[in-house]
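**Student:** All I have is the shape, not the residue letters:
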């Protein structure tokens, strides 16, 4: 039986176990939830959230979760409460949203009842997949039509690398051998990096929006990188950045009055990468040396920070609490000359809650996913 959380402790934890803090002062502010955010025209709220697909509730992984809290109907009700009521952000990026759930609930409900537009892309089913294709998950972006007009949407499969890599890079991908591992981390074979990249089914979604008040162009990116092999995640991230470069050029040519300074980038998602990982270092602008060439993030002029660099060290322990796999994996990237991070929903209280309840990880009675939602408020600077 789950112990009852004391009312004093519950105020800090429930329903998401966190409080909004001012990033400039690190002091709590009064109130909680979307109604206290984004009231001015030059501010907006943004959320990223891995929802945990019902078809990834692997029995060998989530042995610590009582059956009642594994049920999709129970978790879906909590997701609705969080996303639609508690933390309804102006821009919402979700991962592990199934095609079926997007079509049957989220798209229509957000459009008709809340005046939100949306875009979605599903992954291609892997070889082991035996369920209907529409039960495959993907990534979605929802946006508040009161603040943003939709310009265009582009989606890519990260296994499609045509025109992304040059000859030197392709030779490196072919010659680099990856030691394949199973879920327990045990070696099961070897394969070239190129073949591993071709066999993965991850996707990325780009949605271009016009901020209605300032006529500023936003490109919002949402992805969910592969969970293993740093070299694979690094190449997937490079693919996204190079595709983004093309999208920016298309906007400059296709939108009257568009300039580089009027295009702002927000890159978000589950990167399955810790803050000291090659992927994060690459995005920050570090040069990645490989054989006889260097990889540099071509979009660093648009992306130079992620939100945890602007919050206190004790604001988060993790954003993923999946049993033995815990870490900060969920990111929002931006440029600090374009946006100022004003507020963030802290996550440290989830760690405190789990310790108090003597629980191993999420989901549980109060949290529908093994990730926590990451909610922010940004101020548009120019």
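**Tutor:** Perfect, thanks for sending it. Remember, it's a predicted structure, so these values are computed and weren't measured experimentally.

**Student:** Please verify my assumption that residue 368 contacts residue 71.
**Tutor:** No: applying C-beta atoms under 8 Å, one finds residue 368 not in contact with residue 71, separated by 10.3 Å. Where you see a C-beta, it was placed from the backbone N, CA and C, and this is true even at glycine.

**Student:** More neighbours: these two, which one.
**Tutor:** Ranked by neighbour count (other C-beta atoms under 10 Å), residue 368 and residue 71 place residue 368 first, with 26 against 13.

**Student:** OK, contacts around the more buried one?
**Tutor:** By C-beta atoms under 8 Å, 6 or more residues apart in numbering, the residues touching residue 368 are 51-52, 74-76, 78-79, 82.

**Student:** Residue 338 too?
**Tutor:** Counting by C-beta under 8 Å, 6+ apart, residue 338 touches 264-265, 302, 380-382.

**Student:** Recalculate using a threshold of 6 Å.
**Tutor:** Taking C-beta atoms under 6 Å, 6 or more residues apart in numbering, we find residue 338 in contact with 264, 381.

**Student:** ok, now how distant is it from residue 318?
**Tutor:** Taking C-beta to C-beta, to the nearest Å as the measure, residue 338 falls 28 Å from residue 318.

**Student:** do residue 203 as well
**Tutor:** With C-beta to C-beta as the criterion, residue 203 and residue 318 are 24 Å apart.

**Student:** which parts of stretch 51-69 are buried?
**Tutor:** For stretch 51-69, a neighbour-count test (16 or more other C-beta atoms under 10 Å) marks 51-54, 57, 61-62, 65, 69 as buried.

**Student:** Just checking the distance from that stretch to the centre of its chain.
**Tutor:** Taking the mean of its C-alpha atoms, stretch 51-69 sits 20 Å from the chain's own mean (C-alpha atoms, centre = their mean, to the nearest Å).

**Student:** now stretch 209-218
**Tutor:** Put simply, stretch 209-218 sits 22 Å off its chain's centre (C-alpha atoms, centre = their mean).

**Student:** Quote the end-to-end distance of that stretch.
**Tutor:** 5 Å (C-alpha to C-alpha, to the nearest Å).

**Student:** Residue 203 and residue 318 - which one has more neighbours?
**Tutor:** Set side by side, residue 203 and residue 318 show more neighbours around residue 203, with 24 against 21, by other C-beta under 10 Å.

**Student:** That one - nearest residue in space that isn't next to it in sequence?
**Tutor:** Excluding the flanking residues, the one nearest residue 203 by C-beta to C-beta, 6 or more residues apart in numbering is residue 121, at 4.9 Å.

**Student:** List only those of the contacts of residue 368 flagged as buried.
**Tutor:** Among the contacts of residue 368, those buried by neighbour count (16+ other C-beta under 10 Å) are 51-52, 75, 78-79, 82.

**Student:** now for these, which pair is the farthest apart?
**Tutor:** Greatest spacing in the buried ones among the contacts of residue 368, by C-beta to C-beta: 52 and 82 (12.3 Å).

**Student:** And the residue nearest the centre of this structure?
**Tutor:** By C-alpha atoms, centre = their mean, the chain has its centre lying nearest to residue 269, at 1.7 Å.

**Student:** Quickly run through the sheet partners of the helix or strand harbouring that residue, with directions.
**Tutor:** Element membership for residue 269, per DSSP states H and E: strand 263-270. Pairing partners of strand 263-270, with direction, according to DSSP bridges: strand 217-224 (parallel), strand 330-334 (antiparallel).

**Student:** Name the next helix or strand downstream of the longest one, please.
**Tutor:** Elements were assigned by DSSP H and E; along the chain past strand 217-224, the next helix or strand is helix 230-254.

**Student:** Tell me what angle that next one forms with strand 263-270.
**Tutor:** Using axes from the mean of the first three to the mean of the last three C-alpha atoms, to 10 degrees, the inter-axis angle of helix 230-254 relative to strand 263-270 is 150 degrees.

**Student:** Now do the buried residues in helix 230-254.
**Tutor:** Neighbour-count burial for helix 230-254 flags 231-244, 247-248, 251 (criterion: 16+ other C-beta under 10 Å).

**Student:** ok, now stretch 286-295?
**Tutor:** Neighbour count says stretch 286-295 has residue 295 buried, by 16+ other C-beta under 10 Å.

**Student:** before we move on, back to that, which among the contacts of residue 368 gets closest to residue 105?
**Tutor:** Nearest to residue 105, judged by C-beta to C-beta, of these is residue 76 at 8.0 Å.

**Student:** mind checking how far the helix or strand where the closest one lies is from the chain centre?
**Tutor:** Under the criterion DSSP H and E, the helix or strand holding residue 76 is helix 72-80. Once both centres are worked out by C-alpha atoms, centre = their mean, helix 72-80 turns out to sit 19 Å from its chain's centre.
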